[in-house]
Structures are given as C-alpha cells and as structure tokens.
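Novice: 3D, please:
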Amino acid sequence: MRRLLAVILCLGLLSVMVLSAGCGKEETTIKTPEGEVSVEEGEGGTVTFRGEEGEVTYRASREAPTEEELGAPIYPGAEYVEGSGGTVEGTSEGQEISTAGAEFTTDDPIEKVISWYREEIGVPTYENTSPREASWLISTEDTATTVSVSEEDGRTLISITSISGSL
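Specialist: This is a model prediction of the structure:
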C-alpha cells in the first residue's frame, strides 16, 4: 500500500509540474547519467517526455477534477482549494494511466464530514481519534483512490487522489 501511495504522490507532483508548464511548443533536452530525456511542451497543457525507454505524453487540466475523475464523491458544499490539483493522463508503450487529485475545505465539523464519507464509501481504511483524521482506500481492478479527511487551520480538509489504468 505504501508503494501505491508513493506512486500516487509522485504522479501528483508530476501533475503540478505539468500544470505549471506554459502554453506554446518548446522542446528541451535534459542530460542525466542514465541518458537523455527530451521534453516537449505542447498546446493545451500537453507535455511529452522521450527517452531510451519510450515516450510518455501527459495532458493536464487546470480546473478542479470532477467526482468521476476523482473516483470518489466530493463532500456537499466543500470548496475547491485553488491550485491544489488537476488531472493528468499519460500513455507509454500502448498503456494508459490517469491521475486526478484535489483538496477541498469546509467549515463543517470533521466528525460530520467523516460520518458523511462513512455513509458514502464505508468504514475508513485508517482512522485516528487524536488528532481526528480518517483515510479511505478504494481499490478496483484498474483504479486506486484515496480519500483523507483531517483538520487544518480550524477547517476540515478533504484530499482526494485517484490513479487508474494499467496498475
């Protein structure tokens, strides 16, 4: 499970890099001890990486992901934390992978939010009563989604991350 969460976090970081890439078309070659990687920034948030092991193309969105993209429900009335996430789709050697992630906040008490998610998706995979927080791992054959609820700065924070494709 830690390996899966590490992959999700890495892809999330990659999505931030892609989202911060500008528009236009520009190609850069990066030399590393392991070889060269060519990076091409395309239009519409597309970034293509080419190396010795093949080519990976990522397309990113600057908008908040939908419940369908996230693979989990968004707490009613929760506000999207601007710039906290997006979606990335990649292809490499005929295999596709998609990631989506976002953070949302609400002034509702954390107990109410955890209770709502319990009703929507079941018993949390992890729960801690002090400090109050809960996490869910929703896994299917080709999708893994995490939902975490915690308190931050007096508000309830909801983080949702999903990865799907050839897992």
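
Novice: contacts, neighbours, all on C-alpha from now
Specialist: Fine.

Novice: the helices in the protein, which residues?
Specialist: Secondary structure of the chain (DSSP state H): helices at 2-20, 67-70, 110-121.

Novice: go through the ones you listed and find the least confident stretch.
Specialist: Mean pLDDT is lowest for helix 2-20 out of the helices of the chain, coming in at a mean of 45.

Novice: and Y126, what pLDDT?
Specialist: Y126 is given a pLDDT of 89.

Novice: does it have beta-bridge partners, and which?
Specialist: Going by DSSP bridges, Y126 is paired in beta bridges with S135.

Novice: for E103, same thing?
Specialist: Going by DSSP bridges, E103 is paired in beta bridges with S159.

Novice: run a quick neighbour tally on it.
Specialist: For E103, the neighbour count with other Cα atoms under 10 Å is 24.

Novice: looking at it, it is touching G85, isn't it?
Specialist: Yes - here E103 reaches G85: they are 6.9 Å apart, a contact under Cα atoms under 8 Å.

Novice: once you drop chain neighbours, what's closest to L137?
Specialist: Distances taken as Cα to Cα, 6 or more residues apart in numbering place T146 nearest to L137, at 4.6 Å, with adjacent residues excluded.

Novice: for the one you found, give me its contacts.
Specialist: Counting by Cα atoms under 8 Å, 6 or more residues apart in numbering, T146 touches S135, W136, L137, I138, S159, I160, T161, S162.

Novice: could the residues you listed be laid out in CSV, adding neighbour count?
Specialist: Below are these laid out as CSV (neighbours: other Cα atoms under 10 Å):
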residue, neighbour count
S135, 21
W136, 20
L137, 19
I138, 17
S159, 19
I160, 24
T161, 28
S162, 26
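
Novice: how close does E36 sit to T146?
Specialist: 34 Å (Cα to Cα, to the nearest Å).

Novice: quick check: closest non-adjacent residue to the residue nearest the centre of the chain.
Specialist: Most central in the chain under Cα atoms, centre = their mean is G101, positioned 2.9 Å from the mean C-alpha point. Excluding the flanking residues, the one nearest G101 by Cα to Cα, 6+ apart is T161, at 4.1 Å.

Novice: quick one: low-confidence parts of this structure?
Specialist: Applying pLDDT under 70 to the chain flags the ranges 1-25, 44-45, 53-54, 57-62, 92-93, 167.
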